[in-house]
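**Student:** could you work out the structure for the sequence below:
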Amino acid sequence: MEDRQAGAPRRSIAKRLLMPVLIALAALLVFLEETLIDFLSGLMARLARLPIVARAEAWAARLPPYPAMTLFLLPVAVLLPFKFLALFLIATGHALTGLLIILTGKIVGTAFSARIYKILHPTLAQLAWFVREAWPSPSTFTRLTEGLLADGEVLQVVSEGELVIFGDGLESDRLQVGCDCRPIMSRVFDEP
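**Tutor:** Here you go, the predicted structure:
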């Protein structure tokens, strides 16, 4: 019993010492990934100028929603065996090779996933569960929390308090609404 109590302060000290380091590493990882996405997006856009890649992207953009979702998940499925191989290599003493495979997979997967998402976003947004929305409200008895507007269909939102409306789940297209407002929304598509 005394051993457990003696170990508790050591774990607490270790946690207090390690937590800032782990948070800093996580923040660095997020920063590097965002920087990597920007760089790789430019690289993939240049690659898309090749006629065969342009034809493949045009074909992908015409896919219906569920085949588009399958294509979007393809980089994850293709890279999964390489991740298992990397873990096997790490476990058998080839840590540097395993880490190199994981890093290469991360870079390649990020590049292809970001490009595929950019091409398929309008189609993927047609899947109602793919769009981030709010939850039903027990205080206002709101049940409609997501959906798609057909061409010409409108949606009127009644605001009894402060409200923020997002068009596609991204914060850059927000509409901030005050009390007693009734904004009306309709479907609009930008041509690529």
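**Student:** what does stretch 14-28 contact?
**Tutor:** For stretch 14-28, contacts defined as C-beta atoms under 8 Å, 6 or more residues apart in numbering pick out no residues. C-betas here are computed from N, CA, C, even on glycine.
**Student:** output that stretch in PDB with nothing but the alpha carbons.
**Tutor:** Taking Å, rounded to 0.1, in the frame of the first residue of the first chain, the C-alpha atoms of stretch 14-28 are listed here in PDB:
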ATOM      1  CA  ALA A  14       6.300  13.200 -14.300                       C
ATOM      2  CA  LYS A  15       2.900  14.200 -15.700                       C
ATOM      3  CA  ARG A  16       3.500  17.900 -14.900                       C
ATOM      4  CA  LEU A  17       6.900  17.800 -16.500                       C
ATOM      5  CA  LEU A  18       5.800  15.800 -19.600                       C
ATOM      6  CA  MET A  19       2.500  17.500 -20.300                       C
ATOM      7  CA  PRO A  20       3.900  20.800 -21.600                       C
ATOM      8  CA  VAL A  21       6.400  19.000 -23.700                       C
ATOM      9  CA  LEU A  22       3.700  16.800 -25.200                       C
ATOM     10  CA  ILE A  23       1.500  19.800 -25.800                       C
ATOM     11  CA  ALA A  24       4.300  21.600 -27.500                       C
ATOM     12  CA  LEU A  25       5.000  18.600 -29.700                       C
ATOM     13  CA  ALA A  26       1.400  18.300 -30.700                       C
ATOM     14  CA  ALA A  27       1.200  22.000 -31.500                       C
ATOM     15  CA  LEU A  28       4.400  21.600 -33.600                       C
END
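**Student:** avg pLDDT for that stretch?
**Tutor:** Taken as a whole, stretch 14-28 has a mean pLDDT of 84.
**Student:** where do the helices sit along this protein?
**Tutor:** Under the criterion DSSP state H, helices of the chain are mapped to 2-47, 51-61, 65-91, 95-124.
**Student:** what is the third one packed up against?
**Tutor:** Spelled out, that is helix 65-91. With contacts taken as 3 or more C-beta pairs under 8 Å, 6 or more residues apart in numbering; DSSP states H and E, helix 65-91 sits against helix 95-124.
**Student:** just the buried positions in the helix it packs on, please.
**Tutor:** By neighbour count on 16 or more other C-beta atoms under 10 Å, the buried set for helix 95-124 is 98, 101-102, 105, 109-116, 119-121, 123-124.
**Student:** any idea how the chain splits into domains?
**Tutor:** Here the domain parsing of the chain from automatic domain parsing is 2-127, 131-186.
**Student:** would you single out the least confident of these?
**Tutor:** The bottom spot among the domains of the chain, by mean pLDDT, belongs to domain 131-186, with a mean of 60.
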